[in-house]
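**Q** Got a predicted model here, sequence first, then my questions.
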Amino acid sequence: MKQKLGFAFLSLCIATIVSCNDNSSKPATEQPATEAETKAKQPGVKELDIDYAGDNIAMKGYVAFDTSLDAKRPAILIIPEWWGLNDYTKMRARELAKLGYIAMAMDMYGNGANTDSPAVAKKWTNQFYNKPLSAKARIDAALVALKSFQQADTGKIAVIGYCFGGAMALNAARLGEPIKGVVSFHGNLIGAPANKDLLKAKILVCHGEADPFVKKEEVAAFKKQMDSIKADYTFKSYPNALHAFTNPNATALGKKWNMPIAYNGAADTASWKDMKAFFETIFK
């Protein structure tokens, strides 16, 4: 009997020691946070597909902003390349959201249309190159939609554009769009006439030095135009950069359609850095 009691006492001691060293016995407050709790505490970019109307058509936009910020923040409108509203343009909106802006990738063609065919894209864009006021009407509609978000500081608006979108951004500025600034990435430079009484926005042009679509003569004509009205503009040129140098998909598209376009990582990084510095200046 004594021997059985001894074994029982020994077993109880061992169980107590194991229990004291078992990590599962830690208080609940020391348990690791759940995955949902961890995500909730991290800054996050909210992405929204929105419907809006303008220029007598139905449009679809894409908006991104950081939900961890409470204050209003500068708002950036993005005009896509001639391909239309696609994943590349949306990626740029997300990147701007990570920088603390609210960004909207707009719809130029209606119903969120996009293409990877140069023939189709050329047909779609010609109407806006030939009628700049039509493009401005659609940009105006997108700006109204962007400004409707409570996160947007409506006194701090900029428009950026890529290729065709860059040309349209410059036109919007020349036609008197009431915004702080515009940035053109590898866009055409000549469009609507320059008017010192209309152009109020500051301008940043990010140009590929090797771009065969925007020749040296066009660059010279643009600078002469801006200088003639004493416009506040900055012209950045990136060595060895072809048309569409910011788009990682450009090289594949160039090969597919036998077009002189290609991605250039150095120029992409440099132009993004120049854009950020420009925003810091115009949004002071």
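**A** Structure's in. What do you need? Numbering: from 1, shown residues only.

**Q** Which secondary structure elements does the helix or strand harbouring Ala121 sit against?
**A** Using DSSP states H and E, Ala121 falls within helix 118-130. In terms of contacts (3 or more C-beta pairs under 8 Å, 6 or more residues apart in numbering; DSSP states H and E), helix 118-130 is packed against helix 132-147, helix 164-174. Any C-beta I mention is one placed from the backbone N, CA and C, and that applies to glycine too.

**Q** Pick the most buried one from those.
**A** Neighbour counts (mean count of other C-beta atoms under 10 Å) averaged over each of these peak at helix 164-174, with a mean of 27.

**Q** Kindly export that helix (C-alpha atoms) in PDB.
**A** Extracted as PDB, the C-alpha positions of helix 164-174 are listed here (Å, rounded to 0.1, in the frame of the first residue of the first chain):
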ATOM      1  CA  PHE A 164      -1.400  59.500 -74.500                       C
ATOM      2  CA  GLY A 165      -2.400  60.300 -71.000                       C
ATOM      3  CA  GLY A 166       0.600  62.500 -70.600                       C
ATOM      4  CA  ALA A 167      -0.400  64.500 -73.600                       C
ATOM      5  CA  MET A 168      -4.000  64.800 -72.300                       C
ATOM      6  CA  ALA A 169      -2.700  66.000 -68.900                       C
ATOM      7  CA  LEU A 170      -0.700  68.700 -70.600                       C
ATOM      8  CA  ASN A 171      -3.700  69.700 -72.700                       C
ATOM      9  CA  ALA A 172      -5.900  70.000 -69.600                       C
ATOM     10  CA  ALA A 173      -3.300  72.300 -68.000                       C
ATOM     11  CA  ARG A 174      -3.100  74.500 -71.100                       C
END
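
**Q** Moving C-terminal from it, which element do we reach first?
**A** strand 181-185.

**Q** pull the CA atoms of that next one into CSV?
**A** Taking C-alpha atoms only, strand 181-185 is exported to CSV below (Å, rounded to 0.1, in the frame of the first residue of the first chain):
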residue,chain,number,x,y,z
GLY,A,181,0.2,70.6,-61.2
VAL,A,182,0.5,68.0,-64.0
VAL,A,183,3.1,65.3,-64.7
SER,A,184,3.5,63.8,-68.2
PHE,A,185,5.4,60.5,-68.4
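
**Q** Might you list the low-confidence residue ranges for the chain?
**A** For the chain, the stretches flagged by pLDDT under 70 are 1-43.

**Q** how about the helices in it?
**A** Assigned by DSSP state H, the chain shows helices spanning 2-21, 35-41, 87-98, 118-130, 132-147, 164-174, 216-228, 250-257, 265-282.

**Q** Which elements pack onto the third one?
**A** In this structure, helix 87-98 makes packing contacts with strand 45-54, strand 57-66, strand 73-79, strand 102-105, strand 152-162, judged by 3+ C-beta pairs under 8 Å, 6+ apart.

**Q** relative to helix 250-257, how tilted is that helix?
**A** Counting by axes from the mean of the first three to the mean of the last three C-alpha atoms, to 10 degrees, helix 87-98 lies at 170 degrees to helix 250-257.
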